[in-house]
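Student: fold the following and give me the result.
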Amino acid sequence: MNFEFAPYTISLIVACVVSFIILLFGLAVVWQIYTRRLDLSYLLSEPVLTTGEDSKPKASLSRFQFLIFTFVIAGLYLVLSIEAGTLIEVPSGALLLLGISGGSYLVSKVESTNAADVQVEDQEARAKAQAAKARAAKAAEQSKPRRARRGRAR
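Tutor: Okay, here's the model as predicted:
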């Protein structure tokens, strides 16, 4: 019993096994979404920095671009590798495009983090100012003569 397989047959079997594993991962993710254990509603949006009426998440072009370029390049690489029967060399233009896309995502992430930090500092400063104002009002109330306070109470 001596089995010999052609290289094309081996690559086809490996491609089918890899595709099946990717399909299982995809089905697991879809199942998690269906059972509401995985929430992807804000996957392509910037983090919400404000509270109140304007607290709706806004779409992020950099996140969308990074997601699409990654899937397109990975899908094309997979298809071309299966066609060739071996791992192919990724064109430098595709890597450059993916790098630019990742860079734009990184820059937007840094900017949103900086904006969030500024907003937190602003909220802390407002809270300190309100606390100081409340302490000053309380001190002014306690420094008034007792008669003035009693007269107001009546």
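
Student: now Gln65: how far from Ser104?
Tutor: 7 Å (CB to CB, to the nearest Å). (Each C-beta comes from the backbone N, C-alpha and C, glycine too.)

Student: can you tell me the SS state at Trp67?
Tutor: In this structure residue 67 is Leu, not Trp. Three-state assignment for Leu67 (DSSP: H, G, I helix; E, B strand; the rest coil): helix.

Student: show me what contacts it?
Tutor: Leu43, Leu44 (CB atoms under 8 Å, 6 or more residues apart in numbering).

Student: Trp31 too?
Tutor: If a contact means CB under 8 Å, 6+ apart, then Trp31 has no contacts.

Student: buried residues, whichever strand or helix holds it. List them.
Tutor: Under the criterion of DSSP states H and E, Trp31 resides in helix 7-34. Within helix 7-34, the residues scored as buried using 16 or more other CB atoms under 10 Å are Ser11, Ala15.

Student: settle it for me: which of Gln65 and Ser104 has more neighbours?
Tutor: Gln65 (18 against 15; other CB atoms under 10 Å).

Student: and the gap between that one and Gln119?
Tutor: 25 Å.

Student: give me the phi and psi for Ser45.
Tutor: Main-chain torsions, Ser45, degrees, to the nearest 10: phi -120, psi 160.

Student: and it, how many neighbours does it have?
Tutor: With other CB under 10 Å as criterion, Ser45 counts 14.

Student: not counting sequence-adjacent ones, nearest residue to it?
Tutor: The shortest distance from Ser45 to any non-neighbouring residue, by CB to CB, 6 or more residues apart in numbering, is to Pro57 (3.7 Å).

Student: surely that neighbour meets Leu44?
Tutor: No - at 9.1 Å, Pro57 does not count as touching Leu44 under the criterion of CB atoms under 8 Å.
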